[in-house]
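[1] Make a model of this:
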Amino acid sequence: MRYCLPKLIVVLGLLVFGFGAQAQQTVKGRVTSGDSAVTNVTVQVKGTNQATQTDQNGDFSVAAGSGAALIFSRVGFATQEMPVGNRKYLDIHLVVSSKEMNEVIVVGYGTQKKADVTGSVASVPKSRLSELPVTNVLQAVEGSVAGVSVTNTSAVPGATPTVLIRGQNSITANSGPLIVVDGIPLSKSGGSINDINPGDIASMEILKDASAVAIYGTNGSNGVILITTKRGVTGKPVIRYSGYEGIEDLAHILKPRSAASYVQKYADFLQQTGQTQTNPVPNASELPNYKAGKTTDWIKETTRQGIIQDHNLSISGGTKDVRYFLSGEYLKEKGSIKGYQYHRASFRANLDFNLTDFLTIGTSVFVNNNDYGGGRANLLFATAMSPYGQEFNPDGTYNIYPMYPELLYTNPLIGLYQNNVNHNFNLNGTGYAEVKFSGVLKGLKYRLNAGYNYIPSAVYTYTGRNDNSPLGVATTFNSETNSYTLDNLLTYNRDFGKHHIDFTGLYSAEQRRYFVDAFSATGFINDLLAFNNIGAGATVSAASTGSGLPNGSYSDRYALNSQMARINYSYDDRYLLTLTARRDGSSVFGANTTKFGVFPVAAVGWNISNEEFMKSVSWVDNLKLRGSYGKTGNEAINVYGTITTDNSVRYPFNGISQIGVLAGNLGNSNLHWESTIGTNVGVDFGILKSRITGTIDVYSTHTDGLILKRQIPSVSGYTSVLDNLGKTKNQGVELTLTTKNVNGKDFRWESMFNFSANRNRIVDLYGDRKSDTGNVWFIGKPIGVVYDYKKQGIWQVGEDPSKQDPGSKPGDLKFADVNGDGKVTATDKVILGQTAPKWIGGMTNTFHYRDFHLSIFIQTVQGVTKNDPDLNYVDESGRRNTPADVGYWTTANKSQSRPALSYFNTRGYGYGSNASYTRLKDITLSYTVPPSLLDKAHLGSMTVYVSGRNLYTWTKWIGWDPENTYYGRGTSDWTNNYPTIRSVTVGLNITLR
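    Next up is the predicted model:
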């Protein structure tokens with residue numbers, strides 16, 4: 001009897017726990033569609049709250065009982081249910097749904113089904129976000145989204161591109177978009193896109209028209225970029241590592257002349273200028289190397305093999321009530337030009353907590369450190385150096401003047417001696433609390449968003465004896481930005497039969513405080529202390545705190561208070577209406593006008609494909625027509641720009657230095673917002689079972705009240721005052737097209753194409769419909785143009801320029817007499833072209849063969865005209881080397897494109913040139929390791945890839961690169977002379993189970 005009782009307990013235990021509760025087991029699998037893995041598929045255990053998502057390779061892992069069923073769902077695919085049974089591995093094949101417009105996208109302060117969106121919203125392709133080795137995400141956006149122009153004016157490690165969405169509306173104000181990360185503005189808080197680790201980004205949407213951006217009011221007047229970072233999902237912890245390492249070099253080298261060509265150029269220069277040649281080279285210090293046949297390749301000396309590496313590690317997961325995503329990144333880039341480098345270290349923690357059924361709280365915290373420091377070589381001077389110049393002194397240090405007694409150009413490598421610290425730190429914390437109401441208030445939610453940014457930065461430099469500063473010069477620059485954002489959001493989302501209502505109300509407050517101090521000192525007894533004891537200098541003074549700001553120290557405060565309401569209404573998923581109004585009050589405006597502006601927008605949409613009469617049109621899957629009309633605003637001025645200020649000045653009085661004041665900025669307390677009225681009409685379509693999908697948008701905007709400087713009599717003590725004067729107009733068309741060309745079992749081929757054309761023009765400037773040639777602003781023409789003489793060729797021997805251009809001689813530039821008065825004067829200048837592209841485009845072809853994937857992206861920028869500094873060395877031809885590709889006129893070659901070496905560019909001709917280009921932007925080949933091989937290694941997924949960027953450029957431009965801005969001698973921006981980089985990287989993405 002004593003043995004029967006224990007056996008009975010065991011049997012009862014098996015019945016209760018073994019059969020009744022079902023033993024839990026780990027079920028793994030992979031979700032595909034066709035022969036491609038499907039990411040972000042929700043895998044839910046039916047009847048429970050337990051769920052997970054597939055990773056970038058379509059793999060998943062979830063705990064479920066043998067009698068359970070799994071539900072697989074993802075926007076754009078038909079939901080599928082699969083019983084578990086005794087299987088531990090499942091192969092799931094999802095069928096593409098014809099209702100791809102059910103995809104949910106971020107639209108600002110919430111999400112919407114794509115079918116319900118009435119504004120112009122573009123999603124950056126996920127492949128551009130996750131498969132490209134870039135230091136900031138905007139580099140991946142370049143050329144991939146219609147209507148978005150991304151320009152890398154410099155490839156300096158850590159440099160951020162400039163972005164324009166649908167062209168330039170304002171003449172003098174900032175035209176860059178607002179960048180919002182997880183609902184909190186980044187760009188207006190002093191942060192940079194470099195502060196965001198691309199590996200943390202889950203999605204990225206771009207809001208373009210008035211209907212889409214109105215919800216952000218004045219902040220969104222130039223478009224909005226919404227970035228959503230990754231968050232945890234319910235399920236076991238998932239550990240992911242992604243990393244890459246690669247090499248970099250200059251994509252194109254504008255090679256200087258060879259030694260023989262340099263010597264010949266000097267001889268030709270002397271002959272053309274009528275001088276007698278006594279030495280084969282211009283300077284005495286070049287003679288020893290010339291006689292010894294010793295040359296220096298200055299480009300080789302200045303450049304090096306660039307190396308870039310990036311490592312990302314993240315862990316995510318959670319339970320029903322707690323979800324987490326933690327990540328860390330380390331990026332290191334050693335530039336291709338000596339001395340240039342960029343380091344980034346970042347950490348992110350995104351947490352979500354379900355405290356009750358009705359209350360959810362969460363936080364997003366990231367810490368980021370950007371380091372740009374180090375001395376830098378001078379690429380401009382490297383191209384100017386004589387191949388016979390003396391690079392080193394006898395003691396092995398760099399010779400300051402390699403072409404002595406030529407003092408115009410110093411050794412391009414002495415900048416490496418400079419002690420330079422340049423870094424900034426971003427501590428960002430955001431939190432939210434969301435309350436969901438039930439009962440009669442079902443669908444109502446209140447959410448509080450709070451964000452805080454603390455950004456200190458430091459730039460310290462010391463230039464000593466080895467860097468051509470005999471007394472030593474030290475500067476210190478410390479700045480600090482503190483900002484906060486508070487958003488109170490009330491939303492209501494309900495369906496009443498065929499009626500759907502989505503309401504969003506907002507009360508928001510933003511504030512930013514900025515402080516900077518800067519000092520400099522000269523006259524150090526040695527170079528040992530550098531900037532560490534600036535008081536040791538013989539002369540200590542206040543240094544510049546920024547363009548137009550006072551020396552020494554400066555502080556300002558900016559605040560914005562806003563209210564917003566948005567109503568989205570739809571009937572039967574066919575007829576759509578969006579009404580938005582935002583009221584912004586900005587601290588930058590003066591006392592004589594309201595600080596508040598109201599910006600209303602209305603938009604409508606028609607899902608034609610949901611109409612009864614379209615059911616018989618089987619080849620049309622989606623067809624939506626939408627239109628919007630509304631007003632947005634732009635502050636367009638800096639803090640304190642409306643008030644009158646004086647500047648301090650020192651002057652001698654009775655032998656003593658005294659402090660006085662002089663006129664600074666004349667304020668205008670009547671200044672008000674720049675306002676833009678915008679109209680957008682768009683069509684979204686999908687045909688042939690979504691084999692072809694796309695979007696077409698046509699838009700027009702009118703901007704009024706542009707803030708410009710109006711000239712006033714100098715007797716007032718000031719020469720100009722800001723006023724609301726100008727008007728501009730923008731028009732354009734955008735096309736995005738995605739096609740599935742081949743959709744076989746083993747082989748698939750997909751294409752993505754985007755095209756956008758934009759035309760902006762100035763309608764008025766100062767209220768008199770007259771152009772301003774001094775600022776190169778012309779009524780009826782684009783904001784940025786090249787205005788110059790029209791070159792006809794080169795004056796040749798035997799031609800007589802005396803009547804058309806007195807003073808010219810053979811070998812000089814020949815300019816057109818445009819007005820026909822018989823002489824070339826400033827009145828003959830014409831507009832040679834516009835500085836913004838007339839149209840841009842991009843095309844991506846992606847090929848899949850089983851587990852191999854090949855992506856090829858080509859970008860094009862057309863209709864750009866820029867002045868070419870590499871063709872314009874002013875009057876220095878006899879004193880410097882020049883590029884081999886930049887020739888010169890002689891009586892023998894009779895060039896019609898390049899002048900003689902003796903030519904003096906007295907008219908300041910800028911050599912306006914065609915800067916259009918087409919670029920093989922990137923190629924990525926990847927291999928996804930099959931699950932059968934990964935199981936043996938206990939890995940969830942693995943992808944290896946090799947990627948090349950900026951591999952080849954087709955262009956007529958003569959120079960380093962048509963996209964870059966190149967600065968000439970004498971400018972303070974020479975450190976940005978860093979041409980486009982070609983890179984090849986090898987990467988690895990791993991998920992651990």
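[2] list the contacts for the nearest residue to Leu579 once chain neighbours are set aside?
    Closest residue to Leu579 in three dimensions, ignoring its sequence neighbours and counting by C-beta to C-beta, 6 or more residues apart in numbering: Ile567, at 4.8 Å. No exception for glycine: its C-beta is placed from N, CA and C like everyone else's. By C-beta atoms under 8 Å, 6 or more residues apart in numbering, the contact list for Ile567 reads 501-503, 577-580.
[3] Let me know the helix or strand that Ile567 is in.
    Element membership for Ile567, per DSSP states H and E: strand 553-571.
[4] hang on, the earlier thing: can you name the residues bridging to the residue nearest to Leu579?
    Beta-bridge pairing for Ile567 (DSSP bridges): Phe503, Leu579.
[5] And the pLDDT at it?
    Here the pLDDT value assigned to Ile567 is 96.
[6] ok, now Val944?
    Val944 is given a pLDDT of 95.
[7] Show the contacting residues for it.
    926-927, 929, 986-989.
[8] now, the most widely separated pair of those?
    Val929 and Val986 (15.2 Å; C-beta to C-beta).
[9] What is the neighbour count of Trp749?
    Neighbours of Trp749 under the rule other C-beta atoms under 10 Å: 16.
[10] Of all the residues in stretch 158-171, which ones are buried?
    In terms of neighbour count (16 or more other C-beta atoms under 10 Å), stretch 158-171 has its buried residues at 158-161, 163-171.
[11] Closest one to Asp800 out of those, please.
    Ile171 (43.4 Å).
[12] so where's this structure shaky on pLDDT?
    1-23, 34-36, 56, 75-77, 96-102, 650, 662-663, 874-875, 993 (pLDDT under 70).
[13] At the geometric centre of it, which residue do we find?
    Leu138 (3.6 Å; C-alpha atoms, centre = their mean).
[14] As JSON lines, the contacts of Ile567 with neighbour count and distance to Val588 would be great.
    Putting those into JSON lines (neighbours: other C-beta atoms under 10 Å; distance: C-beta to C-beta, whole Å) gives the following:
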{"residue": "Ile501", "neighbour count": "14", "distance to Val588": "36"}
{"residue": "Asp502", "neighbour count": "21", "distance to Val588": "33"}
{"residue": "Phe503", "neighbour count": "17", "distance to Val588": "31"}
{"residue": "Leu577", "neighbour count": "14", "distance to Val588": "34"}
{"residue": "Thr578", "neighbour count": "28", "distance to Val588": "29"}
{"residue": "Leu579", "neighbour count": "19", "distance to Val588": "28"}
{"residue": "Thr580", "neighbour count": "27", "distance to Val588": "23"}
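[15] For this protein, which helix extends over the most residues?
    helix 259-272 (DSSP state H).
[16] Can you pull out the residues in contact with the helix or strand following that helix?
    Elements were assigned by DSSP H and E; along the chain past helix 259-272, the next helix or strand is helix 287-292. Here helix 287-292 makes contact (C-beta under 8 Å, 6+ apart) with 263, 279-281, 294-296, 388-390.
[17] show me where the stretch 251-400 of the chain has strands.
    306-318, 322-334, 341-354, 359-371 (DSSP state E, counting those that start in this stretch).
[18] Oops, could you answer that again for the stretch 501-650 of the chain instead?
    Counting by DSSP E, counting those that start in this stretch, the strands of the stretch 501-650 of the chain are 539-542, 553-571, 575-586, 596-607, 620-634, 645-653.
[19] These: which one's closest to Leu735?
    Across the strands of the stretch 501-650 of the chain, closest to Leu735 is strand 620-634 (C-beta to C-beta), at 15.3 Å.
[20] So which bits of the helix or strand Val946 falls within are buried?
    Element membership for Val946, per DSSP H and E: strand 939-955. For strand 939-955, the neighbour count (16+ other C-beta under 10 Å) marks 939-943, 945, 947-950, 953, 955 as buried.
[21] returning to what we had before: so which of the buried residues of stretch 158-171 belong to helices?
    Counting by DSSP H, no part of the buried residues of stretch 158-171 is found in helices.
[22] Distance to Ile762 for those residues - can I get that in JSON lines?
    Shown next, in JSON lines, are those (distance: C-beta to C-beta, whole Å):
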{"residue": "Gly158", "distance to Ile762": "35"}
{"residue": "Ala159", "distance to Ile762": "30"}
{"residue": "Thr160", "distance to Ile762": "28"}
{"residue": "Pro161", "distance to Ile762": "25"}
{"residue": "Val163", "distance to Ile762": "22"}
{"residue": "Leu164", "distance to Ile762": "16"}
{"residue": "Ile165", "distance to Ile762": "19"}
{"residue": "Arg166", "distance to Ile762": "17"}
{"residue": "Gly167", "distance to Ile762": "12"}
{"residue": "Gln168", "distance to Ile762": "10"}
{"residue": "Asn169", "distance to Ile762": "11"}
{"residue": "Ser170", "distance to Ile762": "11"}
{"residue": "Ile171", "distance to Ile762": "7"}
